[in-house]
Each structure stands twice: as structure tokens, then as C-alpha cells.
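Build me a model from this:
(one chain, ligands or ions: 2)
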Amino acid sequence: MPTQVSQPNDRVEALVRTLEQVSQRPYDQAWGMPAAFYTDPALAAVERRQLFGQEWICVGREQELAAPGDFLTAQVGDEPLLVTRGQDGVLRCLSNVCRHRGALLAEGSGRRKSFVCPYHAWTYDGAGHLVGAPLLGKRPDFAREDCRLPSFACETWQGFVFVSLAAAPAPLAAQLAGLEALVRPYHLEQQQLRHLESESWPINWKCFIENFMEGYHLSPLHRETLHPVNPTRLCAHYQPGDGYFGYYAGFSPDLPRSTKGHPDLTGEEADRCVMAAVPPGLVIGCAGDYSSFTCIQPEGPDSVRLKMGLIFFGPDWPDERVAWATELYRRTMAEDKEVLVGLMRGLRSPSFTPGPLAPADYEGPTLDFYRYLSQRLGKALRNLGAAA
Ligand code: FES
Ligand SMILES: [Fe+2]
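Ligands and ions are numbered 1, 2, ... in the order given. The predicted model follows:
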């Protein structure tokens, strides 16, 4: 068993081998992964480099970067990032690390024409060029005009901003073509950000994704909150693609039908929420009237930073309706958090062994996630093995 192997590399290899075996099972014979998959620090380090350091990672909504000078900060893998809308209107993903001694240039988000390092006041423009270095004078061994912040790939999709630390990443849109067809009628790109919050949960990031992406728990865990809206019995799995997976969460027929939503939506589409993961860093609950999203940033094997937002279709949502939706969302997330924090304690139990997964409509996305991770991590380990 993987937990009995003590060397970190051996443990990771054993876990990925188990993952490959578990991933080969069909949906109706699927089982959960062993606890070490969610707790091993060596695997978390490999995920940080090979997933978060390579894949397209969502850092927020384009609306947060609407005007020249707008910026947000994010941590992806080991890179502190500064995502800016330059004075030229171009969206850029820059290193948030000063080229002098390595201080972080900015925290949080806001609007600035230039970025002044808090340490010794080196100054960069919104495109990352060094434009000031106090008292440094002219030096033959340092070309100030050539000094700039490293930059990384940046793309937008459906109003979301994605970045990639890979040197030449394959275009994001191609890997999401199938998902784009599913969400297109909802016009996520037109949905307006009305609620945004960020917090760390003391859980493994994969547990957050698995929880968000399965409908098995909706009725039992969210009895008072989500069950009346999206009961487990109305969940239906859909075929995953290379870069996404998910399920439909049907809206209860007992609810009054929302009149909000894009006219492109058919009745069937309006009656369900497209739950979608764009692993490893984004989950979306996409519906006609409003949608939720979470950007996922692991901080270690048992801590994850979550940037959670709600976006609404159309400009005419009264504040009290937004407040109602936000309250429902927060109560639901609090229920998830409580059970997942407990689950992390459960995973540390020496006597725990995983059980079978529920049928595909209810827990199929968990197997889809395993298959995604198996494909990406298996390939990464083989490449590392070949390079060694
Ligand atoms: S570390 Fe930024 S100016 Fe010194
Ligand atoms: Fe939940």
C-alpha cells in the first residue's frame, strides 16, 4: 500500500500507480482513492509543479480588470503573480516579484498606473518595464531599459481570466471546446460580478473539487439549503472532455421558474445548472439567472485558498435579490466547509479505507477527476523518469 512506502518519490509513484488503476474502472465499479492521495505532502509538491505549474489556471473574472491600470494578484504554483490591464488596454500576467531583491510588488487588487516596490521603491509600469530605481545611477553591468518583470501566458474564456506558467501552453479554448458548447447559451461572458470573497479552508484542494462536482451530497448535506433547489435525484452526469468534466444539477420543478436568463436558453437548459470543473483551478455552477465560480489555489496538502464569486445575468438584479442569492451560497458553502474539515480528520484515521463511489449521475465526476489527474500526473512522472 502507498502509505507503507516511506521515501517521498516512492510514495508519489505508488499513489499515481494506484490512481491509474482506480481510473481504469468503469463508473459502476468506481472506488475512492486512499487517504494518502489527499494528505501526502510529496504528492502535493508534485501537483504544485506538474499541474499548477503547467496548466491553465483561472485567477478571476475579466470584469475585475475592466479598466486600464486595474490589477489583481494571485499565487499559482510557486509564482506570485500580478495580472494587469495596461494603459494600452492589454491584459498581462506578470511576476509579482521585484527584480531588485525579490519583494512582492503588490497585494490584493486595485487600480494603479505603476507598481512601486514597497521595499526600496523600484518602479514598474503596467507592462512590467522598470521605469525607476532610486539612487542606482548608471552602471555598466545593469541595463535598466532591459529590466522587466517576467511575463506569462494569459487568456480569457467566457469572461474568466486564465494564466499559465508553461513556456508555450496549448491554447485554452481548444481543450474547452466541448464545455463551451454546453455553456454557450448561458452567456457567462455577460454575467456580472456582484459578489466576491476569498478565504482559506484547512482541507486538501482535491476534496474541494470533488465535493463541488458531485451531486450525491446535495440532498443529505444541504437539506435546508440546496435540496429544495437542486435535489440529488435530478443530477445527471455528462461526458467529460480533456480539460473539463461535470454534471447537470436539475432545478426542482417545485420552484417558480426564473424569468431571467439569456433568450438563447431552451427550457431544458434553463431548468438545469451546468456544474463544470476546469481543473485544476476552477469550478463553475453555471445557470441562466446567476452562476457561481471558485478559483482554487492550494497552499499545501491541507490548506486551499478559495476565491469565490457570484455572477448575475443582466444588469437589473436588485440588491436584495443579490443578497438573498449570496446568503444561500454562503450557507451552502459553510455546510460544505464543516463536513470537509471533518473529512480531513477522517482521512488521517489509520483505520480508514475508501469505499465505492455512487453511480455516475451522482459521483461520476469524481472518477472523471481521477482520470484527469491520472493522465496528467502519470505523464509528468514518466517524463521525469525519462529525464532522470
Ligand atoms: S526589493 Fe524591490 S526595490 Fe528592493
Ligand atoms: Fe455542497
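
Please make it C-alpha for all contacts and neighbour counts, starting now.
Fine.

Can you list the buried residues in stretch 145-154?
148-149, 151-154 (16 or more other C-alpha atoms under 10 Å).

what's the closest of those to ligand 1?
Taking C-alpha to the nearest ligand atom as the measure, ligand 1 lies nearest residue 149 of those, at 11.4 Å.

neighbours around the closest residue to that closest one other than its chain neighbours, how many?
What sits nearest to residue 149 in space, not counting adjacent residues and going by C-alpha to C-alpha, 6 or more residues apart in numbering, is residue 128, at 4.9 Å. A count of nearby residues for residue 128, using other C-alpha atoms under 10 Å, gives 24.

Pull up the gap between residue 128 and residue 313, please.
Counting by C-alpha to C-alpha, to the nearest Å, the separation of residue 128 from residue 313 is 34 Å.

One more: residue 151?
For residue 151, the distance to residue 313 (C-alpha to C-alpha) stands at 33 Å.

And for residue 172?
Using C-alpha to C-alpha, we find residue 172 at a distance of 24 Å from residue 313.

Which residue of those two possesses the greater neighbour count?
Shown here are residue 172 and residue 313; by other C-alpha under 10 Å, residue 313 has more neighbours (22 against 19).

got the contact list for that one?
Under the criterion of C-alpha atoms under 8 Å, 6 or more residues apart in numbering, the contact list for residue 313 reads 188, 190-192, 260-262, 288-290.

again, 7 Å this time
By C-alpha atoms under 7 Å, 6 or more residues apart in numbering, the contact set of residue 313 is 190-192, 261, 288-290.

Same question for residue 219.
For residue 219, counting by C-alpha under 7 Å, 6+ apart, the contacting residues are 227, 231-232.

now swap in residue 291 and tell me
Contact analysis of residue 291 by C-alpha under 7 Å, 6+ apart lists 285, 310-312.

And it, its phi and psi?
The phi and psi torsions at residue 291 (degrees, to the nearest 10) take the values phi -130, psi 160.

my guess is residue 249 meets residue 230, correct?
Yes. With contact taken as C-alpha atoms under 7 Å, residue 249 and residue 230 are classed as touching, separated by 5.8 Å.

Looking at these two, which is more packed in?
Neighbours were counted for residue 249 and for residue 230 using other C-alpha under 10 Å; residue 249 has more, 29 against 23.

helix/strand/coil for that one?
strand (DSSP: H, G, I helix; E, B strand; the rest coil).

What's opposite it in the beta bridge?
When bridges are taken as DSSP bridges, the partners of residue 249 come out as residue 235, residue 273.

same check, this time on residue 94
Taking DSSP bridges, one obtains residue 82, residue 151 as the residues bridged to residue 94.

Number of residues surrounding it?
The burial count assigned to residue 94 is 24, neighbours taken as other C-alpha under 10 Å.

And it, what's its pLDDT?
Confidence at residue 94, expressed as pLDDT, is 98.

Would you check that it makes contact with residue 150?
Yes. At 5.8 Å, residue 94 counts as touching residue 150 under the criterion of C-alpha under 7 Å.

May I have the secondary structure class of the residue of the stretch 201-350 of the chain found nearest ligand 1?
Nearest residue of the stretch 201-350 of the chain to ligand 1: residue 299, at 23.6 Å (C-alpha to the nearest ligand atom). Following three-state DSSP, residue 299 is assigned to strand.

re earlier: how about JSON lines for the contacts of residue 291, with distance to ligand 1, neighbour count and secondary structure added?
Shown next, in JSON lines, are these (distance: C-alpha to the nearest ligand atom, whole Å; neighbours: other C-alpha atoms under 10 Å; DSSP: H, G, I helix; E, B strand; the rest coil):
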{"residue": "285", "distance to ligand 1": "40", "neighbour count": "22", "secondary structure": "strand"}
{"residue": "310", "distance to ligand 1": "35", "neighbour count": "22", "secondary structure": "strand"}
{"residue": "311", "distance to ligand 1": "36", "neighbour count": "23", "secondary structure": "strand"}
{"residue": "312", "distance to ligand 1": "39", "neighbour count": "24", "secondary structure": "strand"}
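
tell me which parts of this protein are close to ligand 1?
Residues of the chain found near ligand 1, taking C-alpha under 6 Å from any ligand atom as the criterion, are 98, 100-103, 117, 119-122.

How many residues are close by residue 175?
When counting by other C-alpha under 10 Å, one arrives at 15 neighbours for residue 175.

for the nearest residue to it once chain neighbours are set aside, phi and psi?
Take residue 175 and drop its neighbours on the chain: the residue closest to it by C-alpha to C-alpha, 6+ apart is residue 243, 5.3 Å away. Torsion angles at residue 243 (phi, psi; degrees, to the nearest 10) stand at phi -120, psi 20.
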